[in-house]
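Student: here are the coordinates; sequence isn't available:
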């Protein structure tokens, strides 16, 4: 096709015909759309990879698609020499091999993890940190031992308040006191709950290196930061831990006496994420379209999801679908009649939990660059 | 399905069966895969949206999928009152309306634009700036007036060396001297070349606000930063411009007398981008797979693309396909026999241009956080 004829065609052609004029790739067709379309890179190393939410097709996220959030290079942990110690405010120091742990009574539970920085690319003005889109969230079935059972073996001393989970991963980040391990504490009250596991399997497979092999924490209802990967030490303390990863980093401000105080990030906030249509997806004018996505609410259950197609003036109930399990996302759908007029349209979704908590319309700066669940419209192209 | 039966199934099931066990979304099937799957958000506002390279299906990128790189909020420009001035080292100050410009002889040319920060998410260790994946690159057919024709009207004075292109967009960024417009200069030698347009149409449609309406520059062969959007002023100068966007920002170091000197970013470097398989895509073991992508080389032509499946030890020629036009990407493909063994595989692609320039194996720190074309493997899952 010569330049001239192309130009003439372009002038005469309605915009919708353009992809045809431009031609499919030559040779032959590209391979069929894959079952697993891959992950979106947010940072190549340390590995920070996002689940492409528009590819949501199952309630459990396949292991290869589960989002990856790493702070440092994956540590080389040999499962043969790996040990988990329980130390600090305990009557009896405990050291477990992987065999020991796997020999204990196992539990399998599905749990949704969401990064505390999920949706950060939508914050205006932009804030520091990995700029995740909507897909730093995934749901898997985890197999392991309740953290409570391991703490029980060590016999916690009276007066102890927290347990610090220490990972084998280590490195330096802006503002860190030199090279530090990743660590995070849990109040003992939470640590003893059945939704807190020391997991060695994910969807029936041994944990991969990217997901914290051989053993990671899985803390149901809390942001992913609590689910420390590559676990090696459990340190029971008599005072709340004020480590880097819950003060300088992964913290928010809470007001007390009108004064902001730094507090660690804990429970996931209610959120309804629209999987499809995707941002800037083209949807056919005047046709019905099934909007769908997932919603979660931390330790609470999702009570309802609503959708607005008029910028938040009115809201319609979406239908909750599929599995309904604690500490897990719930899928939902909504039958949308796409406007007949071509142009742009905006969709909003919001979740409300069983306690009546819902999503804010505006961003609260006390949340710093975390816990991002204010309403953000998904703009689509009607054509 | 009860928790127990799911657990039993998970224990018994091979990993590949898991998505089936987890079940498709209930209700009914999700909508079919869309013709335009949307864009990847890198920053919501100012809008920075990435073309999903794995969705590459045509040589020309549809307007809705063309990557968007904006430094400030889209300025409100009224095409009725819009003026383009030519000032500075000219014999005759020129002021053009949109009607004037559209009345001049028009040219339509395809041109590939790539952001100077494309692939930035792959830089190790991470650097400042919007962390683009591989898709801050697109190809469109632009219609407009050669910049040379407008400069000609103003009669440039002898001794002038550059023309500064000034956009209507304005704002403050880290390190900027207060609120500044986006501006960028071109040496007059480049500015007068036929590949430099003042464009008002993109793939046959009037420019959208996101792409610089009513008029933007399109500078063939140079990184996208030169293609200033929302153009309002052309300032001809007797000295090279040392503006913020070509010194503090969008600059690299060049060595002279062994000393690093700041220099503006200019021509796009050779690069072969793998569109499919996507990063972490699952590919079927032991089967043939058509690897494909696009390659470009700035002002030069792509001479060849090679693919390595052994980490760069050996390279095979890929086949260049489709349209072969100056200042445009070239599509390519490579027949890969996927290994029979399940696990991970890594693919590398590299482009060499007609002058023999090719892609470096390692990142050159003199390039700061720009011009990113070192070799990065695409890891995929063989299953």
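Tutor: Yep, that arrived. Because the structure is a prediction, the values reported are computed rather than measured.
Student: can you give me the strands in the stretch 151-300 of chain A?
Tutor: A:162-171, A:180-187, A:196-202, A:205-206, A:216-219, A:231-237, A:251-256, A:259-264, A:271-276, A:282-283, A:288-296 (DSSP state E, counting those that start in this stretch).
Student: secondary structure class for residue A:305?
Tutor: Counting by DSSP: H, G, I helix; E, B strand; the rest coil, the backbone at residue A:305 sits in strand.
Student: what sits against it?
Tutor: By C-beta atoms under 8 Å, 6 or more residues apart in numbering or on different chains, the residues touching residue A:305 are A:272, A:293, A:295, A:317-318, A:320, A:330, A:332, A:334, A:349-352. Quick note: C-beta positions are derived from backbone N, CA and C, even for glycine.
Student: and if we set it to 10 Å?
Tutor: With contact taken as C-beta atoms under 10 Å, 6 or more residues apart in numbering or on different chains, residue A:305 is in contact with A:270-274, A:293-295, A:315-320, A:330-334, A:349-352.
Student: flag every residue of the stretch 51-200 of chain A that's near chain B.
Tutor: A:52, A:54-65, A:68, A:73, A:106-110, A:119-126, A:130-135, A:139-141, A:143, A:171 (C-beta under 10 Å from any C-beta of the partner chain).
Student: just the buried residues of those residues.
Tutor: A:52, A:54-65, A:68, A:106-110, A:119-123, A:126, A:130-135, A:139-141, A:143, A:171 (16 or more other C-beta atoms under 10 Å in any protein chain shown).
Student: which of those residues fall within strands?
Tutor: Among those, the members found in strands (DSSP state E) are A:68, A:107, A:108, A:109, A:110, A:139, A:140, A:141, A:143, A:171.
Student: between those, which is nearest chain B?
Tutor: residue A:108 (4.3 Å; C-beta to the nearest C-beta).
Student: is it true that the closest one touches residue A:199?
Tutor: Yes - between residue A:108 and residue A:199 there is a contact under C-beta atoms under 10 Å: 9.2 Å.
Student: if I look at the two, which residues touch both of them?
Tutor: A:141, A:142, A:143, A:144.
Student: for the third one, what are its contacts?
Tutor: Looking back up the chat, that one is residue A:143. A:102, A:106-109, A:197, A:199-207, A:218, B:7, B:10-11.
Student: closest approach to chain B from the stretch 51-200 of chain A, which residue is it?
Tutor: For the stretch 51-200 of chain A, C-beta to the nearest C-beta, closest residue to chain B: residue A:60, 3.4 Å.
Student: that residue contacts residue A:331, correct?
Tutor: No - applying C-beta under 10 Å, one finds residue A:60 not in contact with residue A:331, separated by 11.0 Å.
Student: hang on, the earlier thing: pLDDT and distance to residue A:155 added to the shared contacts of residue A:108 and residue A:199, as CSV?
Tutor: Output for these, formatted as CSV (pLDDT from 0 to 100; distance: C-beta to C-beta, whole Å):
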residue, pLDDT, distance to residue A:155
A:141, 98, 31
A:142, 98, 26
A:143, 98, 26
A:144, 98, 21
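Student: out of those, who's nearest residue A:345?
Tutor: Distance to residue A:345 across the shared contacts of residue A:108 and residue A:199 (C-beta to C-beta) is lowest for residue A:141, with 36.3 Å.
Student: spatially nearest residue to that closest one, not counting backbone neighbours?
Tutor: residue A:110 (4.6 Å; C-beta to C-beta, 6 or more residues apart in numbering or on different chains).
Student: what do you get for residue A:170?
Tutor: Nearest to residue A:170 is residue A:181, by C-beta to C-beta, 6+ apart, at 4.9 Å.
Student: residues in contact with the one you found?
Tutor: With C-beta under 10 Å, 6+ apart, residue A:181 has these contacts: A:71-72, A:75, A:166-171, A:228, A:230, A:232-233, A:243-245.
Student: in chain A, which helix or strand is least confident?
Tutor: One helix or strand of chain A scores below all others by mean pLDDT, DSSP states H and E: helix A:3-12, with a mean of 37.
Student: how close does residue A:298 get to residue B:334?
Tutor: Computed as C-beta to C-beta, to the nearest Å, the residue A:298 to residue B:334 distance reads 46 Å.
Student: an error on my part: the question was meant for residue A:215.
Tutor: 40 Å.
Student: among these two, which residue is more densely surrounded?
Tutor: Taking neighbours as other C-beta atoms under 10 Å in any protein chain shown, residue A:215 and residue B:334 compare with residue A:215 leading, 26 against 21.
Student: which residues touch the more buried one?
Tutor: Neighbours of residue A:215 in contact, by C-beta under 10 Å, 6+ apart: A:77, A:79, A:82, A:84, A:96, A:98, A:101-102, A:144-145, A:197-201, A:207, A:228-232.
Student: and the closest residue to chain B within the stretch 251-383 of chain A, what is it in contact with?
Tutor: Nearest to chain B in the stretch 251-383 of chain A, going by C-beta to the nearest C-beta, is residue A:278, at a distance of 3.2 Å. Residue A:278 makes contacts with A:52-55, A:133-134, A:378, A:380, B:34, B:36-41, B:52, as judged by C-beta under 10 Å, 6+ apart.
Student: closest to residue A:158 out of the residues you listed?
Tutor: Checking those one by one against residue A:158 (C-beta to C-beta), the nearest turns out to be residue A:134, at 44.8 Å.
Student: interface residues of the stretch 201-350 of chain A facing chain B?
Tutor: A:201, A:203-206, A:210, A:275-284, A:287-294, A:319-323, A:325, A:331-333, A:335.
Student: so how far is stretch A:156-169 off the chain centroid?
Tutor: Relative to its parent chain, stretch A:156-169 has a centroid offset of 24 Å by C-alpha atoms, centre = their mean, to the nearest Å.
Student: quick check: buried residues in it?
Tutor: Buried residues in stretch A:156-169 (16+ other C-beta under 10 Å): A:156, A:160, A:161, A:162, A:163, A:164, A:165, A:166, A:167, A:168, A:169.
Student: again, but for stretch A:367-378
Tutor: A:367, A:368, A:369, A:370, A:371, A:372, A:373, A:374, A:375, A:376, A:377, A:378.
Student: what's the farthest-apart pair in those residues?
Tutor: Longest span within those, C-beta to C-beta: A:368 and A:378, 24.5 Å.
Student: show the end-to-end separation of stretch A:347-367, please.
Tutor: End-to-end span of stretch A:347-367 (C-alpha to C-alpha, to the nearest Å): 25 Å.
Student: does the residue nearest to residue A:141 touch residue A:330 like I think?
Tutor: No - here residue A:110 does not reach residue A:330: they are 11.5 Å apart, not a contact under C-beta under 10 Å.
Student: can you check which residues contact both of these two?
Tutor: Common neighbours of residue A:110 and residue A:330 (C-beta under 10 Å, 6+ apart) are A:59, A:139, A:323.
Student: show me which of these is closest to residue A:342.
Tutor: Of those, the one sitting nearest to residue A:342 (C-beta to C-beta) turns out to be residue A:59, at 34.5 Å.
Student: and residue A:348, how many neighbours?
Tutor: 20.
Student: and residue A:248, how far is that from residue A:241?
Tutor: 13 Å.
Student: higher neighbour count, the two?
Tutor: Set residue A:248 next to residue A:241 and count neighbours by other C-beta under 10 Å: residue A:241 wins out with 20 against 15.
Student: which residues sit in contact with the nearest residue to the more buried one once chain neighbours are set aside?
Tutor: In this structure, residue A:241 finds its nearest non-sequential neighbour in residue A:185, 3.7 Å apart by C-beta to C-beta, 6+ apart. By C-beta under 10 Å, 6+ apart, the contact set of residue A:185 is A:161-166, A:191, A:226, A:228, A:235-237, A:239-243, A:245-246, A:264.
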